[in-house]
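K.L.:
Give the three-dimensional model of this entry:
(4 chains)
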Protein chains: 2
Amino acid sequence: MKTVTMADVAQHANVSKSTVSQYLNKRFDYMGEETKKRIEEAIKELGYRPNILARSLKQKSTTTIGVIVANILHSFSTQVIRAIEDMCHESDFHTIVCNADDDPIKEKKYIEMLRAKQVDGIILLPTGDNKDLYNDMLKEKYPIVFVDRTVPGVNIPSMLLDNEKAAGLGVQHLINKGYKQIGVITNVIRNVTPRMERLNGYKKTLQLNGIPIKEEYIKSLEVSKIKDGLREMLSLENPPEAILAGNDLTLIEILKYVKEKNLSIPADLAIIGIDDVSFASFYEPGLTIVAQPAFEIGNKAAEHLLNKIQKRAIPEERLVYRFEPKLIIRESC
Amino acid sequence: MKTVTMADVAQHANVSKSTVSQYLNKRFDYMGEETKKRIEEAIKELGYRPNILARSLKQKSTTTIGVIVANILHSFSTQVIRAIEDMCHESDFHTIVCNADDDPIKEKKYIEMLRAKQVDGIILLPTGDNKDLYNDMLKEKYPIVFVDRTVPGVNIPSMLLDNEKAAGLGVQHLINKGYKQIGVITNVIRNVTPRMERLNGYKKTLQLNGIPIKEEYIKSLEVSKIKDGLREMLSLENPPEAILAGNDLTLIEILKYVKEKNLSIPADLAIIGIDDVSFASFYEPGLTIVAQPAFEIGNKAAEHLLNKIQKRAIPEERLVYRFEPKLIIRESC
DNA sequence: CTGAAAGCGCTTACAG
DNA sequence: CTGAAAGCGCTTACAG
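P.N.:
Model (predicted):
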């Protein structure tokens, strides 16, 4: 099947390629009705489909952006992607999604491939370990936005949760409920913003309330080690009565442990999670959690990036955009 | 910042564009060591990054495929996308993901945009309502694969769960456990393959076991109406004792109802779901479910599509590829 | 072993 | 109101 090109349409309609191009780009200012109709018909008859690649080459814009997440299987990533997609769709942009698996080498490869494909900008949940590359893009003024994390020493705008506040909200709620022995478990992915800030929020809130910080109550573990860590913590002679789960994956591991040991929530252990999870409302007991506005974050990231790409002014440009966590109280504490 | 092109590299290295191109494409057969080194250095010094767009235009291949799902927020879609992405990554292909929201108009728009962008093939969770368009692509031999659904009258290869068997496994398990009054709830998205086949599986299995089919035990409802439907069903003078949830969303609604009414599973109501859900294992009681191999399905779809794109022979080509459901027994029935 | 030239399918400034 | 021509940044068949 020979592909139909603009030249074919032009010939068929007895006009020049230029005129067809004008038609396609809706520059009708000076086009005769007659010409318009002929072109329209030729397009229909030949089943012409424009090749956007060729246009992109000429116009130096692909109306496509890249999104690099750690793992599309995480609900936060999914929600961010969906928000970005919707936002882009309104502006007739497309998104290429990549999973870097929190691997700086994969991340670098993806950034290079995306740029080779001439995407107009990139939204990145950065691993944090390609600083030179990030800074190069910054220097070139290549449109790029970070999500979920900031990278020290890299002045790229970042959209992320007010993590300190999120952890603080959770801990304060526990304290208000009368708990004093409060543990926290996060899962370790290097020294990444959310984890560090959430731990800070935890510590600060305890201090504000005059509760001493016990290192035995704080654990950062790989997902597969979380249950062991929790067992250890609960075997202390003075174990925590309540626990803050640093994110959704941690919460799930904790709930698995709860089931295995047949613990009762909140009697044996009060629980509060960060990140909304699908089962929070109908789990028994309902889970109190601190939600982060993933859609808002994705929206803002896309909006910001599109503004940059289209060289529109960015209202109150900042380096870090913080989003408000929201405490949703149920029965788990 | 002026972009560096191949011509710049050629000039800098004192060779022709052709030679640089050979170098980039690793056709070293006849290239002098000296030349090679000069080009390499020129590329480094100038910070040259090839423009794949230009190559794609010439080569008529973008090493990019499109994936159109109903909604990336569904875990099935997410898993399929991730599997496709991984598969593509191995072959240095990229994927553009689009959400059609089960809307045929959006679907059509996306297909056209993707083709305008010259993607080499498309993986589609079809709405089913663009038959002419599907058939056009088939006629042109454009590489395309369906996932999750088949479309009657459209001979495009489809990768999907053996839905009848999936529902059958679930119902048979309930029957083996001694249940005879078994209801089913699915959520309605037009007359789409999975729903129809699952209902068939439900009915056939009942019949095979000599259990009469009661229409009052069968409901297909929008997500927001599921709780109402369940209440109705359970208010029958002879209500079902067990219920099959047609998919993850339905299961979640049922569990919400269970919590609201403080029902006990399985004493008041036995439950079995189709689709693996994150909370199945630690929900109390553990949920018996029929899982579908989403990753395998995504893998196979990508493999098939890449084979077609690269004109490789397809081992035992078929029109419908069925994937095995797997019963995972826990405590909910 | 390397280069000149044509061409991929568009857009756009300019001429008329 | 419309067309001829140059150019976007590559690849490739061919010549030498």
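K.L.:
Distance of the residue sitting nearest the centre point of chain A relative to DNA strand D?
P.N.:
The centroid of chain A falls nearest to A:Val80 when counting by C-alpha atoms, centre = their mean (4.2 Å). To DNA strand D, A:Val80 is 32 Å away according to C-beta to the nearest atom of the strand, to the nearest Å. The C-beta positions use only the backbone N, C-alpha and C, and glycine is treated the same way.
K.L.:
thought that residue was touching A:Val69?
P.N.:
Yes: when contacts are counted by C-beta atoms under 8 Å, A:Val80 is listed as touching A:Val69 (7.2 Å).
K.L.:
Which neighbours do these two have in common?
P.N.:
By C-beta atoms under 8 Å, 6 or more residues apart in numbering or on different chains, A:Val80 and A:Val69 have these common neighbours: A:Leu125.
K.L.:
Quick one: neighbours of the residue of the stretch 201-333 of chain A found nearest DNA strand C, just the number.
P.N.:
Nearest residue of the stretch 201-333 of chain A to DNA strand C: A:Gln310, at 14.3 Å (C-beta to the nearest atom of the strand). Neighbourhood size, A:Gln310 [other C-beta atoms under 10 Å in any protein chain shown]: 13.
K.L.:
Just list the residues touching it, thanks.
P.N.:
Residues counted as contacts of A:Gln310 (C-beta under 8 Å, 6+ apart) are A:Ser91.
K.L.:
distance of it from A:Ser91?
P.N.:
A:Gln310 sits 8 Å away from A:Ser91, going by C-beta to C-beta, to the nearest Å.
K.L.:
now do A:Val223
P.N.:
For A:Val223, the distance to A:Ser91 - C-beta to C-beta - is 37 Å.
K.L.:
ok, now A:Tyr217?
P.N.:
From A:Tyr217 over to A:Ser91 the distance is 48 Å, taken as C-beta to C-beta.
K.L.:
cool, A:Asn71 as well?
P.N.:
On the measure of C-beta to C-beta, A:Asn71 and A:Ser91 end up 27 Å apart.
K.L.:
try A:Glu107
P.N.:
On the measure of C-beta to C-beta, A:Glu107 and A:Ser91 end up 26 Å apart.
K.L.:
that older thread, what sits against the residue nearest to the centre of chain A?
P.N.:
So A:Val80 contacts A:Val67, A:Val69, A:Leu125, A:Val147, A:Asp148, A:Ala294, A:Phe295, A:Ile297, A:Gly298, A:Ala301 (C-beta under 8 Å, 6+ apart).
K.L.:
Could you rerun that using 7 Å?
P.N.:
Contacts for A:Val80 were tallied using C-beta atoms under 7 Å, 6 or more residues apart in numbering or on different chains; they are A:Val147, A:Ala294, A:Ile297, A:Gly298.
K.L.:
Over to A:Phe76?
P.N.:
Neighbouring residues of A:Phe76 by C-beta under 7 Å, 6+ apart: A:Asp275, A:Ala294.
K.L.:
again, only using 6 Å
P.N.:
Residues in contact with A:Phe76 (C-beta atoms under 6 Å, 6 or more residues apart in numbering or on different chains) are A:Ala294.
K.L.:
Could you pull up phi and psi at it?
P.N.:
Per-residue torsions, A:Phe76: phi -60, psi -50 (degrees, to the nearest 10).
K.L.:
tell me the SS of the closest residue to A:Cys88 other than its chain neighbours?
P.N.:
Distance criterion C-beta to C-beta, 6 or more residues apart in numbering or on different chains; nearest residue to A:Cys88, sequence neighbours excluded, is A:Thr95 at 5.4 Å. Following DSSP: H, G, I helix; E, B strand; the rest coil, A:Thr95 is assigned to strand.
K.L.:
now the nearest residue to A:His94 once chain neighbours are set aside: how far from DNA strand C?
P.N.:
In this structure, A:His94 finds its nearest non-sequential neighbour in A:Thr64, 4.5 Å apart by C-beta to C-beta, 6+ apart. For A:Thr64, the distance to DNA strand C (C-beta to the nearest atom of the strand) stands at 16 Å.
K.L.:
Assumed A:His89 was part of a helix.
P.N.:
Yes: when classified by three-state DSSP, A:His89 is found to be part of a helix.
K.L.:
And it, what's its pLDDT?
P.N.:
A:His89 is assigned 92 on the pLDDT scale.
K.L.:
same deal with A:Arg190?
P.N.:
Confidence score, pLDDT, at A:Arg190: 74.
K.L.:
Could you pull up phi and psi at it?
P.N.:
Backbone geometry at A:Arg190, expressed as degrees, to the nearest 10, gives phi 50, psi -160.
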